[in-house]
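Undergrad: Generate coordinates for the sequence data below:
(one chain, ligands or ions: 1)
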Amino acid sequence: MSGPVPLRADLRTLSGYHSAQVDVAVRLNTNESPFAPPEAWLDELREAMGQIPFNRYPDRTALGLRSALATHHGVLAGQVFCGTGSNEVLQCLLLAYGGAGRAVATFEPSYTLHRHIAEVTATSVVSVPRTADFVLDLDEVDELMERARPTITFVCSPNNPTGRAEDLTTISHLLEVAPGLVVVDEAYGQFARTSALDLVREGASGTERLVVVRTFSKTFSMAGLRLGYMVADPAVVAGCEVVVLPYNVGSVSQVAGRLALRHSEVVEQRVQQLVAERSRVEAALAALAVTSWPSDANFVLFRPDHKPATKVWQGLLEHSVLIRDCSGWPGLHECLRVTIGTPYENDRFLEALTAVLGKDMAP
Ligand code: PMP
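TA: Here you go, the predicted structure:
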């Protein structure tokens, strides 16, 4: 046979993950922290890097980092598993507990990578829609669990891209009715009032099947380093250790994560600052007669009712403001998502939006 090798048949309709990376003055499209990491952390990291034996592989078990995370969350190191970004943790969960002949459940619209990684790992995806407020519809949940018996149920809370967090009573309900793992993706967990980590700490009923996934990418200002983790039952940690590549978390990331936890107070102040900015942006959107949904995260989903969303997105780009165009995603007709940035960035976004909405923009 000659010519290009065909891609696996089940991957041919898929495409990779795409979020525009263009050179703009104000980047509010990927929910990162707008702040550089704390200066003191950078100093400590520079110093620690001088001690790293770079000719050696990193600690394969990442024990120092896992122990620091365990202390931070009040759990045991054996309950913590780290990855190169939380996306790698999600991938490990799917490799270990998904796969051919198994199903994962998602509640749409939600974080598209859950579905994508499931498809890449040949796991079938079963989904039901969220309510009009974009939270879980418990009747739909019950019916889906009964019908599909998924080995993993993904709940993104706060949900990307819609913003709301689920009540802990909903997570407890899921633990009762879901037959497999309940994976709560808390990439934006620090912005919400509650966390499923409380259920883990309490050892509440069913928590041996509860997995809480978190990341250093957002509030810790470390998206460029790629570090994420999960807190779960030690048996689930052991399952992920079977599939993960050796030395998946590099020496720099391990020490960077450990040091970052020492600066949690600064991080918490920044979270409060972003939450205050979020309220300001929400109020400004309301004043512009734009529909928006309440958010427990560092972004806001909105719909510019009188102008086509894609034209608004393009108009903002012409003002050098980049946000996320979700208008083509199922269940998000005409919706856009803006990340909360610094007060200056948010002002630039609001000014540009005011200008774009004010212009006559025939569809
Ligand atoms: N989960 C959710 C819900 C996210 O929005 C993101 C980032 N977009 C991630 C996981 C992945 O984050 P990272 O791999 O940077 O930890």
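
Undergrad: Would you map the helices across the chain?
TA: For the chain, helices defined by DSSP state H occupy the ranges 39-49, 63-73, 86-97, 112-120, 138-148, 168-177, 197-202, 234-243, 251-260, 264-287, 309-318, 343-358.

Undergrad: Most tightly packed of these?
TA: helix 86-97 (a mean of 23; mean count of other CB atoms under 10 Å). All C-beta atoms are positioned from the backbone trio N, CA, C, and that covers glycine.

Undergrad: check contacts around residue 170.
TA: Contact analysis of residue 170 by CB atoms under 8 Å, 6 or more residues apart in numbering lists 135-136, 138, 155.

Undergrad: And it, how far from residue 153?
TA: 12 Å (CB to CB, to the nearest Å).

Undergrad: Same check on residue 337?
TA: From residue 337 across to residue 153, the span is 24 Å (CB to CB).

Undergrad: Need phi/psi at the spatially most central residue of the chain.
TA: In the chain, the centroid-proximal residue (CA atoms, centre = their mean) is residue 187; its distance is 3.8 Å. Note on residue 187: backbone dihedrals following degrees, to the nearest 10 are phi -60, psi -30.

Undergrad: residues contacting it?
TA: 31, 86, 111, 156, 160, 213-215, 217-218, 228.

Undergrad: Would you mind putting these into JSON lines with distance to residue 127 and pLDDT alongside?
TA: Formatted as JSON lines, these follow (distance: CB to CB, whole Å; pLDDT from 0 to 100):
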{"residue": "31", "distance to residue 127": "22", "pLDDT": "96"}
{"residue": "86", "distance to residue 127": "21", "pLDDT": "97"}
{"residue": "111", "distance to residue 127": "12", "pLDDT": "96"}
{"residue": "156", "distance to residue 127": "12", "pLDDT": "98"}
{"residue": "160", "distance to residue 127": "15", "pLDDT": "97"}
{"residue": "213", "distance to residue 127": "19", "pLDDT": "98"}
{"residue": "214", "distance to residue 127": "24", "pLDDT": "98"}
{"residue": "215", "distance to residue 127": "23", "pLDDT": "98"}
{"residue": "217", "distance to residue 127": "25", "pLDDT": "97"}
{"residue": "218", "distance to residue 127": "25", "pLDDT": "95"}
{"residue": "228", "distance to residue 127": "23", "pLDDT": "98"}
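
Undergrad: Would you confirm that residue 54 contacts residue 250?
TA: No. Shown here, residue 54 and residue 250 do not form a contact pair, counting by CB atoms under 8 Å, at 9.7 Å.

Undergrad: Between the two, which has more neighbouring residues?
TA: For residue 54 versus residue 250, the count of surrounding residues by other CB atoms under 10 Å is larger for residue 250: 18 against 9.

Undergrad: Please state the backbone phi and psi of that one?
TA: The phi/psi pair for residue 250 (degrees, to the nearest 10) is phi -70, psi 160.

Undergrad: What is the neighbour count of the residue lying closest to it once chain neighbours are set aside?
TA: Excluding its sequence neighbours, the residue lying closest to residue 250 (CB to CB, 6 or more residues apart in numbering) is residue 58, at 5.5 Å. Look at residue 58: counted by other CB under 10 Å, it has 20 neighbours.

Undergrad: Which residues are in contact with residue 58?
TA: If you count contacts by CB under 8 Å, 6+ apart, then residue 58 has 247, 249-251, 254 around it.

Undergrad: Make JSON lines from the residues you listed and add pLDDT and distance to the ligand to it.
TA: Formatted as JSON lines, those follow (pLDDT from 0 to 100; distance: CB to the nearest ligand atom, whole Å):
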{"residue": "247", "pLDDT": "97", "distance to the ligand": "18"}
{"residue": "249", "pLDDT": "98", "distance to the ligand": "12"}
{"residue": "250", "pLDDT": "97", "distance to the ligand": "15"}
{"residue": "251", "pLDDT": "97", "distance to the ligand": "19"}
{"residue": "254", "pLDDT": "98", "distance to the ligand": "15"}
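
Undergrad: contacting residues around residue 223?
TA: 30, 32-33, 217.

Undergrad: Quick check: the residue of this structure nearest the ligand.
TA: Residue nearest to the ligand within the chain: residue 85 (2.7 Å; CB to the nearest ligand atom).

Undergrad: how close does that residue get to residue 183?
TA: Applying CB to CB to residue 85 and residue 183 gives a distance of 15 Å.

Undergrad: Look at those two and report which has more neighbours.
TA: Taking other CB under 10 Å, residue 85 and residue 183 do not tie; residue 183 has more neighbours (29 against 21).

Undergrad: which residues touch residue 263?
TA: Here residue 263 is in contact with 38, 40-41 (criterion: CB under 8 Å, 6+ apart).

Undergrad: re earlier: which of the contacts of residue 170 are buried, as a PyMOL select command?
TA: Those of the contacts of residue 170 that count as buried under 16 or more other CB atoms under 10 Å are selected in PyMOL with:
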select buried, resi 135+136+155
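
Undergrad: possible to save the contacts of residue 170 as CSV with distance to the ligand and pLDDT?
TA: Shown next, in CSV, are the contacts of residue 170 (distance: CB to the nearest ligand atom, whole Å; pLDDT from 0 to 100):
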residue, distance to the ligand, pLDDT
135, 15, 94
136, 15, 96
138, 21, 96
155, 10, 98
